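Visitor: quick one, fold the following:
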Amino acid sequence: GRIPLWRVPGSLLVCTWAKTVRELNLEGCSLKSIPDNMGVLKSVRVLNLSENRLVQLPKSVSSIQSLEILNVSGNKLKSLPDNIGLLQNLVELFASNNFLKELPNSLCECFKLTVINIENNLCQKLPRRLCLNLSNLQSLKVEGNPLK
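Guide: Numbers count the residues shown, from 1 in each chain. Next up, the predicted model:
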């Protein structure tokens with residue numbers, strides 16, 4: 001079986017590999033938190049934090065400018081960082097099976113998004129500009145939300 005980490009040590013992110021790693025997969029590690037200094041992961045294109053116990057993401061996740069795929073599905077998130085719109089290279093966002101009540105308006109600034117999956121959350125509405133701003137969007141999965 002897997003050994004639960006509970007949290008990622010902040011010291012792990014100051015290792016020399018942290019600046020060059022392209023994919024970080026922490027799926028199913030029973031994480032309850034991740035460090036605030038995620039922005040040091042300058043080259044990460046894929047960040048998989050799915051199937052953990054995260055209740056929030058630090059705002060520093062939005063400073064990973066190279067990030068193309070973010071998977072936070074299967075956690076206990078009630079919200080995504082307000083500044084998620086800073087992820088200008090984000091192409092795919094997977095945030096299903098959480099407790100999200102809404103999506104940040106700044107998500108509409110992620111112009112390269114082609115996939116958004118927020119199935120099985122608590123979202124009652126989507127940002128008004130979502131469909132207007134995201135002309136590259138090919139898949140929007142919202143089933144299992146009490147949308148009005």
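
Visitor: can you give the distance of the helix or strand bottoming out on mean pLDDT in the chain from its chain's centre?
Guide: Least confident helix or strand of the chain, by mean pLDDT, DSSP states H and E, is helix 130-133 with a mean of 82. Computed by C-alpha atoms, centre = their mean, to the nearest Å, the chain-centroid distance of helix 130-133 equals 19 Å.

Visitor: try stretch 81-95
Guide: Averaged C-alpha coordinates place stretch 81-95 at 7 Å from its chain's average position (C-alpha atoms, centre = their mean).

Visitor: with stretch 101-116 instead?
Guide: From the chain centre to the centre of stretch 101-116 is a distance of 11 Å (C-alpha atoms, centre = their mean).

Visitor: any buried residues in it, and which?
Guide: Taking 16 or more other C-beta atoms under 10 Å as the basis for neighbour counts, the residues of stretch 101-116 that come out buried are 102-104, 106-110, 113, 115-116. Any C-beta I mention is one placed from the backbone N, CA and C, and that applies to glycine too.

Visitor: ok, so of those residues, who is nearest Leu57?
Guide: Pro104 (11.1 Å; C-beta to C-beta).

Visitor: what about the closest one, distance to Lys19?
Guide: According to C-beta to C-beta, to the nearest Å, Pro104 and Lys19 sit 27 Å apart.

Visitor: and if you look at Leu67?
Guide: In this structure, Leu67 and Lys19 are separated by 14 Å, where distance is defined by C-beta to C-beta.

Visitor: the closest residue to Leu134 other than its chain neighbours: what secondary structure?
Guide: The spatially closest residue to Leu134, leaving aside those adjacent along the chain, is Leu113, at 5.3 Å (C-beta to C-beta, 6 or more residues apart in numbering). Assigned by DSSP: H, G, I helix; E, B strand; the rest coil, the conformation of Leu113 is coil.
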